[in-house]
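>>> Provide a 3D model corresponding to the input given below.
(chains A, B and C)
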Amino acid sequence: MRRTVPLVITFIAGVAMITSFFVYEDTLLGQAASRVKEWGIIIAAFAVVLGTGNIIRISLHKAKRREDRPYKIVLLVCLFLTMALGMFLGIDKGIRATMFNGGHFEGEYNPFYWIYFNVQLPLGATMFSLLVFYITSAAYRAFRMRSIEAGILLVTAVVVMLGQVPISSAIGADKVMTWIMIVPNVAAKRAIVMGAAMGIASMSLKIILGIERSYLGGDS
Amino acid sequence: MNLAKLDRRWLYVVMAVVLVVPFMARIVFPIVPSDSARKIYDAIEALPDGSVILVSADYDPGSEAELYPMNLALFHQLGQKNVKMIITQLWPQAGPLVKDCLDKAYLPHGKKEGVDFVNLGYKPGGLILISKCNESILKAFPEDVNGTPVKDIPVLKGIESSNDIDFFMILSAGTPGIREWLEQCQSQIGKPMASGMTAVSAPDFFQYENSGQLIGLLGGLRGAADYEALVGKPGRGVLGMGPQSFGHLLIILFIVIGNIGYLISRQKARRAA
Amino acid sequence: MADLVWYQHVGLWVATLMTLAIFTFLYKDNPIYKMAEHVFVGVAAGYTVAYLFWSAFVPNLYRPLETLFTGGEIEQGEVFWTWMLLIPALLGALFFARFHPKYGWLSRWSIAFMVGAYAGLNLTGKFRLDLMLQPAATFVNLNPANGHWNQVLIYDLPILLGVLVCLTYFFFSKPHTGFIGVTARTGIFFLMAAFGASFGYTVMARISLFIGRLQFLFWEFANTYTQWFPPPT
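Here you go, the predicted model:
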């Protein structure tokens, strides 16, 4: 039960997806495969919620053990507040009449929307914008031309960076950059994806046939 | 002062100054759009009246700086055309950003929801969702973002699956995104597809432009600037290229200085040995 | 001051303070940054669940099942498949079994479905895209249309050679000596050029994200209270 049923489910799901590639939807087999895809959309939704469940479980555990307790409490408060506002008032700019709010405050500005634009958006965007400083530090301290290969990498990087600058057309750097992106970049990336695709195809086949079982974890 | 041991926070200050000063001075360089951006623009302009374009906004706040200006420019262009637009999202955080773009760039052209465009919203599933859309978009998205059943939406009359779409424009920040659309949609049904993406992922997709599977690609803020210039609505992209250029020059300078220092210290070490 | 409602003013200040809180990390790790980080994780997780609820659970699962119990209109032939939606609902719910110490193994059934589905789609999708269409595009037409030999000599042939030498580098079943060694080393040069190109684009991406924050701080926040930094019209 613990290992056989999952292997059978993997096989059925995998074969359904492969079947849908070759068979028209109006056949019986195609119909069944198509329905399995609809199930996949629903199950994927649960998988995303599982991630949130894990965050809640770990935060509660750490808060109980007094590890970063104030921060974990803030995390949980923000999580439940945002979730409650979204579920009760809807996810639109204006509050929508939902099965939870009976139409009260319909049309008013939605606090859930406010949280997205004034909390989530600036925080998310700023987190990633810190990277410019780390790349500056790395460019100064770490990028060294220790060999011919590293030299090629750095020279190409410099040419590409110059080529992105609008005034680079005056020195022809944009044309060199275009050639670099179209020739060596395409050649190398194509070789990489071809190799990766072979690996993924063989791994996928092994998973569907039950030869590869590491995704099931250890016995518990 | 030993430059090699300089506190990294001074480097941060230099980078911040080099970006802020040109930004405040509003230094603007003339933008010569790339061939790739021009191909996308021309392909969309050439769409006959009544064509159907699917725009998939697969990004989030972390990539908003690059993809939101592209989205705005694209909606400005589509607002001036008589084509039907279907909007989807594979990332949940894209929803409000797309609505904001619609309010600012598309609806002011007199477009009506349900008649000229439909926003089908977000669905999870990535690969599975795109593959399902090849068979039936209406079954993958039973309702639009407002909860209206898709069978009641006029703009979707006659549209059953991805095969009924004339052009795909994918704004992609990662996974799921343009790679999944190429794998499950373009390579199987062969419809024209173009993409705007973050600069981090752009180098990985030139091969698909080379093979003809992508009509063109817009990479990062430069791609956004190119498209704004083509649409004639300079905005965040065009104005961002000034500080962008100075930032690039600073990084190049740091690489050169760092390597000069490295070569000198290596020479000294060899002489000492 | 721009014509804003009170909650828009509050929102601007909150957004600006959140932005500056994250930037404090550049000096060093501190409680303000940690608090902002935890707020972000909490809000992002709560947002995702709420969005999923209205985008996926309600339209794809709840409403079809609701029509069964309320006697709503169902298309012919759909009644059976609507009842079958209980299967993905059950499989999805089984994901949460992993939190139970005794019945955690039941979550493997749900994981198995997702892994199998993605394996099946990847097998066909990647095979077609990267193992059929990409190699096909690498072939060089030695009889170019209109005699356009420039395209062949400057682009197509170097790409073909580049793909071959890079593939040689990844072939580890033979030692990289002699002719194979020279070819593999040429492959490394192509790979390094590609990685350099990726680095150049990555630098552009990072700088762009910071410029995006500058645009918010100056055009939206500072301009609201000073009118000194008008955004583009």
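>>> can you confirm B:M169 is in a helix?
No - per DSSP: H, G, I helix; E, B strand; the rest coil, B:M169 lies outside any helix segment and is strand.
>>> where does chain C dip in pLDDT?
For chain C, applying pLDDT under 70 flags the ranges C:1-2.
>>> residue contacts, whatever residue of it ends up closest to chain B?
At 2.5 Å from chain B, C:G212 is the closest residue in chain C, using CB to the nearest CB. Where you see a C-beta, it was placed from the backbone N, CA and C, and this is true even at glycine. By CB atoms under 8 Å, 6 or more residues apart in numbering or on different chains, the contact set of C:G212 is A:125, A:129, B:64-66, B:236, B:240.
>>> hmm, 7 Å instead?
A:125, A:129, B:64-65 (CB atoms under 7 Å, 6 or more residues apart in numbering or on different chains).
>>> repeat that for B:S36.
Counting by CB under 7 Å, 6+ apart, B:S36 has contacts B:209, B:216-217.
>>> between the residues you listed, which sits nearest B:I53?
B:G216 (14.6 Å; CB to CB).
>>> that closest one contacts B:Y41, doesn't it?
No - the criterion here is CB atoms under 7 Å, and B:G216 misses it with B:Y41 at 8.4 Å.
>>> residues in chain C within reach of chain B, list them.
Selection of chain C residues close to chain B by CB under 7 Å from any CB of the partner chain yields C:26-27, C:48, C:51-52, C:55-56, C:59-60, C:117-118, C:121, C:125-126, C:128-129, C:133-134, C:137, C:197-198, C:201-205, C:207-212, C:214-215, C:232.
>>> drop anything exposed from the residues you listed.
C:48, C:51-52, C:55-56, C:59-60, C:117-118, C:121, C:125-126, C:128-129, C:133-134, C:137, C:197-198, C:201-205, C:207-212, C:214-215 (16 or more other CB atoms under 10 Å in any protein chain shown).
>>> in helices only, show me those residues.
The helices, defined by DSSP state H, take in C:48, C:51-52, C:117-118, C:121, C:125-126, C:128, C:134, C:137, C:197-198, C:201-205, C:207-212, C:214-215 from those.
>>> export stretch C:117-129 as PDB, just CAs?
Output of stretch C:117-129 as PDB, limited to C-alpha atoms (Å, rounded to 0.1, in the frame of the first residue of the first chain):
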ATOM      1  CA  ALA C 117       1.900  14.100 -14.400                       C
ATOM      2  CA  TYR C 118       5.000  16.300 -14.700                       C
ATOM      3  CA  ALA C 119       7.200  13.400 -15.800                       C
ATOM      4  CA  GLY C 120       4.700  12.600 -18.500                       C
ATOM      5  CA  LEU C 121       4.500  16.200 -19.700                       C
ATOM      6  CA  ASN C 122       8.200  16.700 -19.500                       C
ATOM      7  CA  LEU C 123       9.000  13.600 -21.500                       C
ATOM      8  CA  THR C 124       6.900  14.600 -24.500                       C
ATOM      9  CA  GLY C 125       7.400  18.400 -24.200                       C
ATOM     10  CA  LYS C 126      11.100  18.500 -23.700                       C
ATOM     11  CA  PHE C 127      11.700  15.700 -26.200                       C
ATOM     12  CA  ARG C 128       9.900  17.600 -28.900                       C
ATOM     13  CA  LEU C 129      11.200  21.100 -28.100                       C
END
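>>> which other residues reach that stretch?
Contacts for stretch C:117-129 (CB under 7 Å, 6+ apart): A:13-18, A:21, A:40, A:197, A:200-201, A:204-205, A:207-208, B:127-128, B:131, B:182-184, B:187-188.
>>> and what of stretch B:173-188?
Residues outside stretch B:173-188 that contact it (CB under 7 Å, 6+ apart): B:56, B:58-60, B:63, B:67, B:90, B:126-127, B:130-131, B:134, B:162, B:168, B:170, B:172, B:193, B:195, B:197-198, B:201, B:205, B:208, B:213, C:121, C:125-126, C:128-129, C:133.
>>> look up phi and psi at B:I53.
phi -120, psi 140 (degrees, to the nearest 10).
>>> how near is it to chain C?
22 Å (CB to the nearest CB, to the nearest Å).
>>> for that residue, give me its contacts.
B:47, B:78, B:83, B:85, B:166-167, B:169.
>>> thought B:Y227 was touching B:L218?
Yes - if you go by CB under 7 Å, B:Y227 and B:L218 touch, sitting 5.8 Å apart.
>>> just the helices in chain C please.
C:6-23, C:31-52, C:63-70, C:79-83, C:86-94, C:107-128, C:134-138, C:149-150, C:157-169, C:178-215, C:223-226.
>>> my error: substitute chain A in the last question.
So, for chain A - with DSSP H - the helices run A:4-22, A:28-64, A:69-89, A:111-115, A:121-129, A:131-141, A:148-164, A:173-182, A:184-208.
>>> distance from the chain centre to the fifth one, please.
In terms of CA atoms, centre = their mean, to the nearest Å, the centre of helix A:121-129 is set 16 Å apart from its chain centre.
>>> can you check the longest one too?
Relative to the centre of its chain, helix A:28-64 is centred 14 Å away, using CA atoms, centre = their mean.
>>> and the angle from it to helix C:86-94?
20 degrees (axes from the mean of the first three to the mean of the last three CA atoms, to 10 degrees).
>>> from the contact counts, what lies against helix A:28-64?
helix A:4-22, helix A:69-89, helix B:127-135, helix C:31-52, helix C:86-94, helix C:107-128 (3 or more CB pairs under 7 Å, 6 or more residues apart in numbering or on different chains; DSSP states H and E).
>>> nearest to B:P96, out of those?
helix C:31-52 (9.4 Å).
>>> near chain A, anything from the closest one?
Yes - counting by CB under 7 Å from any CB, chain A has neighbours in helix C:31-52: C:34-36, C:38-52.
>>> wait, what's in contact with the spatially most central residue of chain A?
Centroid-nearest residue in chain A, with CA atoms, centre = their mean: A:V48, separated by 10.8 Å. Neighbouring residues of A:V48 by CB under 7 Å, 6+ apart: B:124, C:48, C:52.
>>> residues in contact with stretch C:154-167?
Contacts of stretch C:154-167 (CB under 7 Å, 6+ apart): A:182-184, A:186-188, A:190-191, A:194, C:138, C:140, C:183, C:186-187, C:190-191.
>>> swap the cut-off to 8 Å and go again
A:179, A:182-184, A:186-188, A:190-192, A:194-195, B:210, C:138-141, C:183-184, C:186-187, C:190-191.
>>> need the contact list for the closest residue to B:L156 other than its chain neighbours.
Nearest residue to B:L156, sequence neighbours excluded (CB to CB, 6 or more residues apart in numbering or on different chains): B:V150, at 5.5 Å. Contacts of B:V150 were listed using CB under 8 Å, 6+ apart, and they are B:118, B:120, B:137-138, B:141-144, B:156.
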